[in-house]
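Colleague: missing the sequence, but the structure's below:
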DNA sequence: CATGAATGAGTCTTCATTCAT
DNA sequence: GATGAATGAAGACTCATTCAT
């Protein structure tokens, strides 16, 4: 079972540049050619480096791809997490709106990247990263829900899990071909309605 | 660009048996070894046939895998479609419940298969099949919604799309590690609430 | 820790031919280029086959080379073993002569092969094979010694081990450059004297 | 065909220290990882230097390894040579004993090093070094034999060659797995008997 | 029709060697 | 002098696909 950690930390300045180039190249190749055709040779070539250089920093191909996925998911989790914190101690309708907009904004900023990383999330190392990020987001949402001023949730964790799942599914919708006309415009509003509706349905009104 | 159609039709009974064995073997290997290690040799071996035989029926590996995915998705679309038809001309709450239960029942009947086919849906040929099935389901749901007795929808197609997406996202939730305690039991009920809540939120009451 | 066994047994006739060709090619490349440069590509090329074919029968390069070594050593062990059996229940001088001549005859039949396989015997899988063959020969010699009609040995196994070692060392002598003039002619006679002298020195005369 | 000489001489004290560290590191890596995995990077790392520094002193990897082998063999040849000189003009039994004990003492002082260098002696540059050292030892033994006070040898060089070969073979015995019980204790005594017996058998008594 | 041996392009990965800093 | 990042040729191994039997 091969490890996935980075091989060495950059001592000289040019190392950082190289690593950055490798990340960018990986995403580009992933977007252009798909996971199967995302080979070390292509990545290196695209990054303007040699395969040898790639292996100076990552023990194997999977480790590099996992790192890229990790970073992508991490950014999303961070953005959503921040939005949730900012919305604690507010009414649920605000929460639904803030959470949904943060998720959509972060995830759909670059749909092509999300799409390319989609398949990765099921490969070795990817599933773990994906699960970890889900958990981070679910926790943040649950914590936010528990702090709602107007409503009380019976099972915030469960409600958060379902809500996150409902949004994640929309990502797939987006890159599974062309959407019905007028879709893009009303998309975010619809999702807010979806989440808000669900939150309200799960509330246990204060006595 | 290689074709994906089947090579010859199973005119003889023997052929049908072989094709069936190949399909079953493909799923088993996919579940056991993952997409990357799902090789023609392994599939043939598992099916009790030879590689040569495999190539008698499918022009290449991708065609076989695409066929398996197609059939899986088709079964789900059919089940959901049936449920939608059966629920036409009923109140929305019935619709939400029937649709949700049909989807969950069909998709989660064998989670391990769903999981194995997850990555496939992003590979060559897979995305198209997935999109096609989505459309079938979305259409069925939209048609159902348009026939609601108590409510009228402004944009049934959009509403259906969002609803389907919301359910699809839950699949990922399921195989992304262990769910919170009590999750499985309340899962279906929660989803019904999610969908019903959304449908209600989108309704335009009759004057 | 990779396995070393053969991958599949030949079902069709041509397989046997291929395997034979691979063995022969391996020895040739080993002799010509040395262990380090004995690559799968070169072996396959020399055998008139493709790398793929090589891997149909051997799980990895080491397994193939080990198989070749094994066969070589096995032939020698068999020849020496036969000579030892034929010399049981005879006087020691006969034993020394028969054993020595059998060993030299078998090992030096093809010095270049022996030389090529020399380094192999220290690599992964090689050491075990070499040790196993040593043991077979030592056992045969010990059994022979124990049956001597004119002498009795205190520790036949120990004596056999030393004697075998003494002969093995001569192999290295042979391919470590040119021998002194007149060496080749008197070589075998000298070795018989070496072994005979040692056997006599270790005898415990009957009372 | 690359050269094997050293690149610069250690004029400064610092250089001598570095070279010493490189030698020690090479042996350690050789023992720990084997010839194949004995890479310049590992050697340098183990020596606490950088690859660049390694190449300041040796033109290439083979040159370094050859130097280490050379030194190892040289030490053995020197020890045996000294013992032979000290035993000139003595009876053969003394010679057999002194020669054997010197060889065994020198070679088996560190069996693991001997074992690690075993494979090296067959690689490029190694065979020559090994042959050279053999010759040095054979010459010393032959000279010693020629000076025996009680016996006269017909062909001292031939006799010496065989004797040296007989001892060298024992080395392989030692690291080819576990020896029979009681082996280690009686080992040296047996070898003395082997050599002494041979010397006596080759003597031509004075008239 | 079925078989499975053969193929070889294409992957990942290593490592001796160089050279800018 | 020392360093270590970069290089890229070369090696092991896989697997979709073909075709003689």
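Modeller: Nice, I can see it. Note that the structure is a prediction, hence the values are computed from the model and not measured.

Colleague: only C-alpha atoms for contact and neighbour calcs from this point on.
Modeller: Will do.

Colleague: biggest helix in chain A by residues?
Modeller: helix A:61-86 (DSSP state H).

Colleague: got the buried residues for that helix?
Modeller: A:62-70, A:72-74, A:76-81, A:83-84 (16 or more other Cα atoms under 10 Å in any protein chain shown).

Colleague: Over to stretch A:110-119?
Modeller: Result for stretch A:110-119 [16+ other Cα under 10 Å]: buried residues A:112, A:113, A:114, A:115, A:116, A:117, A:118, A:119.

Colleague: now swap in stretch A:54-61 and tell me
Modeller: Across stretch A:54-61, burial judged by 16+ other Cα under 10 Å covers A:54, A:55, A:57, A:58, A:59, A:60.

Colleague: For chain A, which residues score under the pLDDT cut-off?
Modeller: For chain A, applying pLDDT under 70 flags the ranges A:1-14, A:176-185, A:204-207.

Colleague: where along it do the helices fall?
Modeller: For chain A, the helices defined by DSSP H cover A:13-33, A:40-47, A:51-57, A:61-86, A:92-107, A:111-120, A:126-146, A:156-175, A:183-201.

Colleague: Compile the ones you listed into a markdown table and extend it with columns for distance to DNA strand F.
Modeller: Compiled in a markdown table, the helices of chain A are given as follows (distance: least, Cα to the nearest atom of the strand, whole Å):
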| stretch | distance to DNA strand F |
| --- | --- |
| helix A:13-33 | 4 |
| helix A:40-47 | 8 |
| helix A:51-57 | 3 |
| helix A:61-86 | 13 |
| helix A:92-107 | 31 |
| helix A:111-120 | 17 |
| helix A:126-146 | 19 |
| helix A:156-175 | 26 |
| helix A:183-201 | 38 |
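
Colleague: quick one: residue A:195 and residue A:98 touch, right?
Modeller: No - Residue A:195 is beyond contact range of residue A:98, at 10.5 Å (criterion: Cα atoms under 8 Å).

Colleague: The two: who's more crowded?
Modeller: Using other Cα atoms under 10 Å in any protein chain shown, the more surrounded residue of residue A:195 and residue A:98 is residue A:195, with 28 against 17.

Colleague: residues in contact with the more buried one?
Modeller: Residue A:195 makes contacts with A:96, A:97, A:100, A:163, B:198, as judged by Cα atoms under 8 Å, 6 or more residues apart in numbering or on different chains.

Colleague: Please repeat the previous calculation with a cut-off of 6 Å.
Modeller: Going by Cα atoms under 6 Å, 6 or more residues apart in numbering or on different chains, residue A:195 touches residue A:96.

Colleague: distance of it from residue B:163?
Modeller: 11 Å (Cα to Cα, to the nearest Å).

Colleague: I'd like to know how many residues surround the nearest residue to residue A:50 once chain neighbours are set aside.
Modeller: Counting by Cα to Cα, 6 or more residues apart in numbering or on different chains, residue A:44 is the residue found nearest to residue A:50 once chain neighbours are left out, at 5.3 Å. For residue A:44, the count of nearby residues is 21 (other Cα under 10 Å).

Colleague: How about the one 5 residues further on?
Modeller: Neighbourhood size, residue A:49 [other Cα under 10 Å]: 15.

Colleague: Okay, it and residue B:137: tell me how far apart.
Modeller: Separation of residue A:49 from residue B:137 (Cα to Cα): 46 Å.

Colleague: Wait, the residue nearest to residue A:50 touches residue A:55, no?
Modeller: No - contact criterion Cα atoms under 6 Å: residue A:44 and residue A:55 do not qualify, at 9.9 Å.

Colleague: Residue of chain A nearest chain D, please.
Modeller: Here the residue of chain A nearest chain D is residue A:56; by Cα to the nearest Cα that distance is 12.3 Å.

Colleague: Distance check, that residue against residue A:22.
Modeller: From residue A:56 to residue A:22 the distance is 11 Å (Cα to Cα).

Colleague: ok, back up a step: of the buried residues of stretch A:54-61, which is the nearest to chain B?
Modeller: residue A:60 (16.0 Å).

Colleague: What are the phi and psi values at the closest one?
Modeller: phi -170, psi 170 (degrees, to the nearest 10).

Colleague: Please parse chain A into its domains.
Modeller: What the record gives for chain A is the domain set A:13-59, A:70-205, from automatic domain parsing.

Colleague: winner for burial among the ones you listed?
Modeller: domain A:70-205 (a mean of 19; mean count of other Cα atoms under 10 Å in any protein chain shown).

Colleague: about what we covered before: any common contacting residues for residue A:44 and residue A:55?
Modeller: Counting by Cα under 6 Å, 6+ apart, nothing touches both residue A:44 and residue A:55.

Colleague: Would you mind listing what in chain A touches DNA strand E?
Modeller: Contacts of chain A with DNA strand E, taken as Cα under 7 Å from any atom of the strand, map to A:37-41, A:51-53, A:55, A:59-62.

Colleague: Contacting chain B as well, which ones from those residues?
Modeller: When the residues of chain A next to DNA strand E are checked against chain B using Cα under 6 Å from any Cα of the partner chain, none falls in range.

Colleague: Can I get the residues you listed in JSON lines including distance to residue C:202?
Modeller: JSON lines is the format used below for those (distance: Cα to Cα, whole Å):
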{"residue": "A:37", "distance to residue C:202": "70"}
{"residue": "A:38", "distance to residue C:202": "70"}
{"residue": "A:39", "distance to residue C:202": "67"}
{"residue": "A:40", "distance to residue C:202": "65"}
{"residue": "A:41", "distance to residue C:202": "66"}
{"residue": "A:51", "distance to residue C:202": "63"}
{"residue": "A:52", "distance to residue C:202": "61"}
{"residue": "A:53", "distance to residue C:202": "63"}
{"residue": "A:55", "distance to residue C:202": "60"}
{"residue": "A:59", "distance to residue C:202": "59"}
{"residue": "A:60", "distance to residue C:202": "60"}
{"residue": "A:61", "distance to residue C:202": "63"}
{"residue": "A:62", "distance to residue C:202": "64"}
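
Colleague: Between these, which sits nearest residue A:31?
Modeller: Nearest to residue A:31 out of those is residue A:38 (Cα to Cα; 9.0 Å).

Colleague: quick one: contacts for that closest one?
Modeller: A:29, A:30.

Colleague: And the residue in chain A positioned nearest to chain B, how close does it get to chain C?
Modeller: Residue of chain A nearest chain B, by Cα to the nearest Cα: residue A:169 (3.3 Å). Remark: distance between residue A:169 and chain C (Cα to the nearest Cα, to the nearest Å) = 43 Å.

Colleague: Test my guess that that residue contacts residue B:166.
Modeller: Yes - applying Cα under 6 Å as the test, residue A:169 and residue B:166 come out as touching, 5.3 Å apart.

Colleague: nearest spatial neighbour of the residue most central in space within chain A, skipping sequence neighbours?
Modeller: With distances taken as Cα atoms, centre = their mean, residue A:73 lies nearest the centre of chain A, 3.5 Å away. Nearest non-adjacent residue to residue A:73, counting by Cα to Cα, 6+ apart: residue A:133, 6.3 Å away.

Colleague: same question, residue A:115
Modeller: Going by Cα to Cα, 6+ apart, residue A:115 has residue A:175 as its nearest residue, at 6.7 Å.

Colleague: now residue A:56: how far from residue A:15?
Modeller: 10 Å.

Colleague: For chain A, which residues are neighbours of chain B?
Modeller: Residues of chain A found near chain B (Cα under 6 Å from any Cα) are A:119, A:131, A:165, A:166, A:168, A:169, A:170, A:176, A:194, A:197, A:198.

Colleague: if I look at residue A:163, how far off is residue C:141?
Modeller: Noted for residue A:163: a distance of 80 Å to residue C:141, by Cα to Cα.

Colleague: And for residue A:36?
Modeller: The value you get for residue A:36 to residue C:141, if Cα to Cα is used, is 59 Å.

Colleague: and if you look at residue A:51?
Modeller: From residue A:51 to residue C:141 the distance is 56 Å (Cα to Cα).
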